[in-house]
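Novice: my questions concern the predicted model and sequence given below.
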Amino acid sequence: MGRLQKIQVIVNPESDRGRTKKRWQRIKEALRHFFREFNYTFTEKPLQATEISRAAVKEGTELIVGVGGDGTINEIANGFFEGKRLINHQSSLGIIPSGTGCDFIRSLNIPLNLKKALETISEATVKKIDVGLLKFTTGSGDWKKRFFVNVGDFGIGGEVVARMEKFGRKRKASSYFQSLLQTFFHYKNKKLRLILDGQELPPDEYMVGAIANGQIFGKGMKIAPEAELDDGLFDVILVKGMKVFEFLRNVWKIYTGSHLSHPKINFHRARRVEVFPLDPTEKVLIEIDGEQVGLLPASFEIIHRILPIRGR
């Protein structure tokens, strides 16, 4: 096992509809088979994982292990940074998947199986991946910043996640697709202006725009099948409006990653994406890593190979 590492485990007990709390004893026992000593903390409120993570990396903790879903990992990853600066280059992130949404781990080849996930944390070499930096507006008109590790999107995706959050503990693996269908029937396409690496696209109506670092979001949708976590580029997938039957006829393609050839889907790669609603009074929601965070206008900027993570 080598020399003793300083390890902080951050647990979201409410993840996976509260099941993480119920199986924590088993997770803790498994951790003890791989690591002689570790501290662990349960989160009790939103964004607390960021506070715990930031304090740990400042104290020189070498390994931060997140136990939860994509939202928990997002919060922990944000704690690695101050401004655009990585606080401690010796700290790395490990993941024990335990959420209703565990899309990010699939781009890292981290297994859902507890023992195999712990083997990845203990045996895999540390790799540095890209992260996205989102600058967005709030409901009160202020500007905020937040990092994301997997996928950010605007349009129908933000509204789906907002609807999902109403499920609370009743959320199931199928809840995302159910919320997507419910939202689709009431959704109005958004007229947007986009600038990719300084080049402006013609204004158009879009159903969704995905700014992807990882490949998969929305509980298994392979939205960006060609995305790589360390290539310094976002895969940008822009979906124009579809009629009901056209959408239903093609939605399966997103799960298989065969949708990029559809005539109403545009694919780009960029380091920076700026998005503005043509009507500044129109509310266009944004979500990152499965959490609804704010509104357009917004900018998405990639930061190349900065986050140290245990993955294969």
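Specialist: Cool, got the structure.
Novice: all helices for the stretch 201-312 of the chain, in order.
Specialist: For the stretch 201-312 of the chain, the helices defined by DSSP state H, counting those that start in this stretch cover 244-256.
Novice: so, low pLDDT: which residues of it?
Specialist: The model of the stretch 201-312 of the chain has no residue with pLDDT under 70.
Novice: what ranges do the strands span in it?
Specialist: Using DSSP state E, counting those that start in this stretch, the strands of the stretch 201-312 of the chain run over 204-212, 234-240, 265-270, 272-277, 285-288, 291-310.
Novice: sheet partners, orientation included, of the fifth one?
Specialist: Neighbouring strands of strand 285-288 in its sheet, by DSSP bridges, are strand 151-155 (antiparallel), strand 291-310 (antiparallel).
Novice: what does it contact?
Specialist: Contacts with strand 285-288, where a contact means Cβ atoms under 8 Å, 6 or more residues apart in numbering, come from 74, 132, 134, 136, 146, 148, 150-155, 157-162, 292-296, 298. (Each C-beta comes from the backbone N, C-alpha and C, glycine too.)
Novice: of the residues you listed, buried ones?
Specialist: For those, a neighbour count by 16 or more other Cβ atoms under 10 Å gives the buried set as 74, 132, 134, 136, 146, 148, 150-155, 157-161, 292-296, 298.
Novice: please identify the buried residues of stretch 184-197?
Specialist: Neighbour counts over stretch 184-197 (16+ other Cβ under 10 Å) mark 184, 187, 189-190, 192-194, 196 as buried.
Novice: so for stretch 112-122, what gets flagged as buried?
Specialist: By 16+ other Cβ under 10 Å, the buried positions in stretch 112-122 come out as 114, 117-118, 120-122.
Novice: hang on, I meant stretch 83-100
Specialist: For stretch 83-100, using 16+ other Cβ under 10 Å, the buried residues are 86, 88, 91-100.
Novice: make JSON lines out of the strands of the stretch 201-312 of the chain and add distance to Thr50.
Specialist: Putting the strands of the stretch 201-312 of the chain into JSON lines (distance: least, Cβ to Cβ, whole Å) gives the following:
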{"stretch": "strand 204-212", "distance to Thr50": "21"}
{"stretch": "strand 234-240", "distance to Thr50": "23"}
{"stretch": "strand 265-270", "distance to Thr50": "27"}
{"stretch": "strand 272-277", "distance to Thr50": "24"}
{"stretch": "strand 285-288", "distance to Thr50": "13"}
{"stretch": "strand 291-310", "distance to Thr50": "12"}
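Novice: correct me, but Ala298 touches Thr138?
Specialist: No - using Cβ atoms under 8 Å, Ala298 is not in contact with Thr138; the gap is 10.8 Å.
Novice: per-domain residue ranges of this protein.
Specialist: Per the record, the chain has its domains at 7-124, 132-304, by automatic domain parsing.
Novice: reformat these into TSV and put distance to Arg312 next to each item.
Specialist: Output for the domains of the chain, formatted as TSV (distance: least, Cβ to Cβ, whole Å):
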stretch	distance to Arg312
domain 7-124	4
domain 132-304	12
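Novice: ok, back up a step: just name the most buried of the strands of the stretch 201-312 of the chain.
Specialist: strand 285-288 (a mean of 26; mean count of other Cβ atoms under 10 Å).
Novice: return the distance of it from the chain's centre.
Specialist: Put simply, strand 285-288 sits 10 Å off its chain's centre (Cα atoms, centre = their mean, to the nearest Å).
Novice: what's the answer for stretch 133-143, then?
Specialist: 18 Å.
Novice: distance of Ile10 relative to Arg310?
Specialist: Ile10 is 14 Å from Arg310, where distance means Cβ to Cβ, to the nearest Å.
Novice: just Phe300 next, same as before
Specialist: 25 Å.
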